[in-house]
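>>> Build me a model from this:
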Amino acid sequence: MDKKLPKFVGTINIPGDKSISHRALIIGSQATGIVKVSNLLESADVFSTMNALRKFGVHIIKRGKDYHVYGLVVGGLREYNGTINCGNSGTTARLMMGLLSTYPITINFIGDKSLSKRPMARVINLLREFGANALPENKNTMPFKFLGSYIGLQNDQKLNVPSAQLKSAWCLAALNTKGISTLEERFETRDHTEIMLKYLNANIKVKKSKNKKIISIFGKTPIDAKDISVPGDISSAAFMIILALISKNSTVTIKNVLLNPTRTGILDVLKKMKAKIKIKNKKTICGEVVGDIEAKSSNLKATLVPEKIAPRLIDEYPILFIAACFAKGTSNFKGIEELRVKESDRIKSMEDGLKPLGVKISSTKSSVKITGTNSFKLNKKIKIDAKGDHRIAMSFYVLSQVLNKSFKIKDFNYVKTSFPSFTKTINQLKKN
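Predicted coordinates for the structure are as follows:
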């Protein structure tokens, strides 16, 4: 059978990080001057943010391979009372709500079928402290009317859930609020917003202690315009890393990947599973740690993935579940209830796809157990329902490539929301 299986070999670049791409556009819109963004992720989600900003007078122009964002200064967005279509992008929705919460405007927020099922109550409640609101008041999902505040209310808050999007929405609201606002964060989450604001010399202070982090923002102060280089997306790189690890005779090197410690949980877990992974050429660019990742075919061992690491690999669980299918023993993933409210219920989506393939997988509301196998059931046509979720679609595509078996994946087109060149990149590495 091994002779029939492909190997994956080569050196690749991965598209720009999705989280940083959104933030480069949004924070760039508040800068005093022109922000040149290189390696911006050109995906449907990022274009949703770009289109939303343009409605408020932000000029974003592509020159060559770079995007130039013409900053309107903090508080300088043009008045617009209309509709923002966020498409499939929860990041667009939550971060734009944060940005707009301190403007006296009324906006209709809408999204696609998948986004319209995702909960928005947490971000709305957070922004009510700045004087914003959403109507009808008891509505937890899109569509809804979002009402910005006539005067942003300086406030101090505690964030009791691990969510970088909530934290970022708060930061964007605080930027345009007079006085010093503070946020106390109890969980470690992605810190791209804080890093970018510091890099652009915003008036922000971050104080860390063992159990919490306190962010202080002095609002209504200027942000400098500087060039931003977006590193490769580690969440996209994860698919190529695991593709190499679970395939025979494979070695893949991915250049210039984001290695921010709040995002490298996937590497920590894979190393615990005895994956052959090397990090090379580490450097800091625009405040973010970047480097090259080399992944080689490995005999993976099952592991326990504890709750405390979940915020550092929340987007990588679906492809990590695929890796667990090839590991010796039973892997246990704990504290992952947040997966239930992503683009799909990712626990259910993965379970529904893996069980018919003969994988021993079980779940509770907040945990998953997967036992590795040498024998997948591949004797019939395999149909996977990605349920409008790009990461489910890509995870099962990786599995299909490793097993050299064609899968029919419903909603595969959603891959364009984060990694439009996904199949092209795999084909570039594939050696039959």
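
>>> and Asn432, what pLDDT?
According to the prediction, Asn432 has pLDDT 68.

>>> can you tell me how far the residue lying closest to Val290 once chain neighbours are set aside sits from Asp345?
Nearest residue to Val290, sequence neighbours excluded (CB to CB, 6 or more residues apart in numbering): Pro231, at 4.4 Å. C-beta: built from backbone N, CA, C; applies to glycine. Pro231 is 30 Å from Asp345, where distance means CB to CB, to the nearest Å.

>>> Domain ranges for this structure, per the record?
Per automatic domain parsing, the domain ranges recorded for the chain read 2-15+231-431, 18-229.

>>> would you list these in TSV and tack on mean neighbour count?
Output for the domains of the chain, formatted as TSV (neighbours: other CB atoms under 10 Å):
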stretch	mean neighbour count
domain 2-15+231-431	19
domain 18-229	20
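
>>> ok now whichever strand or helix holds Val206, how far from the chain's centre?
Taking DSSP states H and E as the criterion, Val206 maps to strand 204-208. Its chain's average C-alpha position is 23 Å from that of strand 204-208, according to CA atoms, centre = their mean, to the nearest Å.

>>> elements contacting that strand?
Applying 3 or more CB pairs under 8 Å, 6 or more residues apart in numbering; DSSP states H and E, one finds that strand 204-208 makes contact with helix 192-199, strand 213-218.

>>> Show me what it pairs with in its sheet, parallel or antiparallel.
Paired neighbours of strand 204-208 in the sheet (DSSP bridges): strand 213-218 (antiparallel).

>>> Verify the stated contact: Ile27 with Thr193.
Yes - the pair Ile27 and Thr193 qualifies as a contact (CB atoms under 8 Å) at a distance of 7.4 Å.

>>> Need the residues touching each of the two.
Common contacts of Ile27 and Thr193 (CB atoms under 8 Å, 6 or more residues apart in numbering): Leu172.

>>> Show me where the stretch 101-250 of the chain has its helices.
Secondary structure of the stretch 101-250 of the chain by DSSP state H, counting those that start in this stretch: the helices cover 121-128, 164-175, 192-199, 234-245.

>>> May I see those helices organised as JSON lines, with mean pLDDT and distance to Leu357 added?
As requested, these are exported to JSON lines (pLDDT from 0 to 100; distance: least, CB to CB, whole Å):
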{"stretch": "helix 121-128", "mean pLDDT": "96", "distance to Leu357": "35"}
{"stretch": "helix 164-175", "mean pLDDT": "97", "distance to Leu357": "33"}
{"stretch": "helix 192-199", "mean pLDDT": "99", "distance to Leu357": "36"}
{"stretch": "helix 234-245", "mean pLDDT": "98", "distance to Leu357": "16"}
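
>>> Among those helices, which comes closest to Pro311?
Nearest to Pro311 among the helices of the stretch 101-250 of the chain is helix 164-175 (7.7 Å), distances taken as CB to CB.

>>> Show me the contact partners of the strand holding Val206.
Cys171, Asp191, Glu194, Leu197, Lys198, Lys213, Ile214, Ile215, Ser216, Ile217, Phe218.

>>> again, only using 7 Å
When contacts are defined by CB atoms under 7 Å, 6 or more residues apart in numbering, strand 204-208 is touched by residues Glu194, Leu197, Lys198, Lys213, Ile214, Ile215, Ser216, Ile217.

>>> With stretch 95-110 instead?
For stretch 95-110, the surrounding residues in contact (CB under 7 Å, 6+ apart) are 22, 26, 52, 77, 79-86, 93, 123, 127, 130, 132, 142-150, 152, 165, 168-170, 172-173, 176-177.

>>> Inside strands: which ones of the residues you listed?
With strands taken from DSSP state E, the overlap with these comprises Thr83, Ile84, Asn85, Phe144, Lys145, Phe146, Leu147.

>>> biggest separation within those residues, which pair?
Asn85 and Leu147 (18.4 Å).

>>> who's in contact with the closest residue to Ser181 other than its chain neighbours?
Counting by CB to CB, 6+ apart, Ser181 lies nearest to Ala174, which is 4.0 Å off, once chain neighbours are set aside. Ala174 makes contact with Ser181, Ile217, Gly219, according to CB under 7 Å, 6+ apart.

>>> Likewise for Thr193?
Here Thr193 is in contact with Arg23, Lys167, Ser168, Cys171 (criterion: CB under 7 Å, 6+ apart).

>>> Export these as TSV, with columns for distance to Val257.
Shown next, in TSV, are the contacts of Thr193 (distance: CB to CB, whole Å):
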residue	distance to Val257
Arg23	17
Lys167	23
Ser168	21
Cys171	25
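
>>> for these, which one is nearest Lys276?
Arg23 (32.8 Å).

>>> Can you name the residues that contact that closest one?
His192, Thr193, Met196.

>>> Give me the distance between it and Ile60.
When Arg23 is compared with Ile60 (using CB to CB), they lie 14 Å apart.

>>> I'd assumed Ser48 was in a helix, is it?
Yes - the assignment for Ser48, made by DSSP: H, G, I helix; E, B strand; the rest coil, places it in a helix.

>>> if I look at it, how far off is Ile110?
If you go by CB to CB, the gap between Ser48 and Ile110 works out to 11 Å.

>>> same question, Lys220
Lys220 is 30 Å from Ile110, where distance means CB to CB.

>>> ok, now Leu259?
Distance from Leu259 to Ile110, by CB to CB: 36 Å.
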